[in-house]
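*Asks:* sequence first, then the predicted structure, then my questions.
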Amino acid sequence: MLETSQDIWWLVFAFVTLWVGVFIGWSIFYLTMILRDMKKITGNVKQKLDTIDQILKIFKGKAEKGANYLPILLSGVGKVYDHLSKKKVKKAAKKTKVKSKK
């Protein structure tokens with residue numbers, strides 16, 4: 001079986017080659033598992049960012065619609081304020097007339 005030192009050399013070389021092959025195969029397996037996990041993570045992150053983007057678009061649309069009603073709302077509030085201030089002036093004028101008659 002082992003007649004010369006070259007036979008020992010070939011036996012050791014075969015053994016080392018086997019272990020290098022096992023190590024390379026193991027490394028490739030774990031590298032692919034890491035890449036698969038990274039793909040899952042980036043997919044989840046992309047999905048969450050898309051959800052955030054949709055939420056922001058909804059808020060933007062609602063803000064734009066609200067901004068469209070803002071001038072109408074402000075003019076309505078202004079008219080209510082004018083009406084109340086005129087009422088207050090009339091009420092104050094009535095009080096001064098009543099006091100002056102006494």
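*Replies:* On my side now, so go ahead.

*Asks:* sec struct for Glu3, please.
*Replies:* With DSSP: H, G, I helix; E, B strand; the rest coil as the basis, Glu3 sits in coil.

*Asks:* what's around it, how many residues?
*Replies:* 7 (other CB atoms under 10 Å). No exception for glycine: its C-beta is placed from N, CA and C like everyone else's.

*Asks:* same check, this time on Phe59
*Replies:* 10.

*Asks:* report the mean confidence score over the helix or strand harbouring it.
*Replies:* Using DSSP states H and E, Phe59 maps to helix 5-101. The average of the pLDDT scores along helix 5-101 is 89.

*Asks:* which strands and helices lie in contact with it?
*Replies:* Helix 5-101 sits against no helix or strand, with contacts defined as 3 or more CB pairs under 8 Å, 6 or more residues apart in numbering; DSSP states H and E.
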